[in-house]
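[1] got a predicted structure plus its sequence, pasted below:
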Amino acid sequence: MTNPNGVGEPPVPYPLTASTLSVRLTFDGHTLSITRRLWPLPWGRTRRIPLHDVMAIEAWVRERNPGLDGGKTMSSYRVRRYLQAQQHSRDIRIRRSRSATADDFRRFQDAVNEAVVDHARGIIDARGPGAPTGPAHWDAGFQATIAHGLRTPYPLAEDPRLKNLTLLPGWAVQKSGAYVLHQLRLRDGALLEWHNFLHEPPAPSAPQ
């Protein structure tokens, strides 16, 4: 894939890992594993989540001690998955948002979210030309937003406001996966609705 700077991006080297002292995440392209590094027993130490059950990896940054520490920040990551008709999540906190560990988690998040959306793209494509990209009750504008994100490697790079700008190396233009999942998170309940839409049998087409 060539990014908006005209630079070819190498494929993600699997397996990909990111870890703290207490937890290690591993992703091989098909399964996301969460290992509790301090768990004393051999069983229950690692939970393996198939890609089709992964909803997203979310992230946010906040001040570690508001008003203190000179504004130092910490990062939080949340693995969201769907199992037995329920949502589950695992939160991971990183004390320094500017650190090698935080960088590893950002790369891990990016790779997993791209894989989640690529998997969704394959499901929708298999349903045939013109298949909807979301539940029938979504309005046309939101359907179009998700469809644009699925079909464009760097959706924001096509924003007309950016056409006269030179995109510097490392410039934060969202990839397809980050864009689609961010749009879904902005709309209350949409991420779960989309996950169910992808993994339930498609509705039969209306008789002609």
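    Noted; the coordinates are in hand. Numbers count the residues shown, from 1 in each chain.
[2] give the contact list for the residue nearest in space to the middle of the chain.
    With distances taken as CA atoms, centre = their mean, the residue of the chain nearest its centroid is Asn113 (2.6 Å). Going by CB atoms under 8 Å, 6 or more residues apart in numbering, Asn113 touches Ala56, Ile57, Gly177, Ala178, Leu181. Just so you know, the C-beta spots here come from the backbone N, C-alpha and C atoms, and that holds for glycine as well.
[3] how far away is the last one from Arg48?
    Leu181 sits 22 Å away from Arg48, going by CB to CB, to the nearest Å.
[4] for Arg37, see how far away Ser75 is.
    18 Å.
[5] pick out whichever of the two has more residues nearby.
    Shown here are Ser75 and Arg37; by other CB atoms under 10 Å, Ser75 has more neighbours (20 against 12).
[6] mind listing what's buried in the helix ranked longest in the chain?
    The longest helix of the chain (DSSP state H) is helix 100-126. Neighbour counts over helix 100-126 (16 or more other CB atoms under 10 Å) mark 101-102, 104-106, 108-117, 119-121, 124 as buried.
[7] what of stretch 176-196?
    For stretch 176-196, a neighbour-count test (16+ other CB under 10 Å) marks 176-181, 183-184, 190-191, 193-195 as buried.
[8] touching it from outside, list them.
    With contacts defined as CB under 8 Å, 6+ apart, stretch 176-196 is touched by 55-56, 58, 80, 82, 87, 110, 113-118, 120, 134-135, 138, 142, 145-146, 149-150, 152-156, 174.
[9] same question, stretch 79-94
    By CB under 8 Å, 6+ apart, the residues outside stretch 79-94 that reach it are 20, 23, 25, 32, 34, 49, 53-58, 74-78, 101-102, 105, 191-192, 195, 199.
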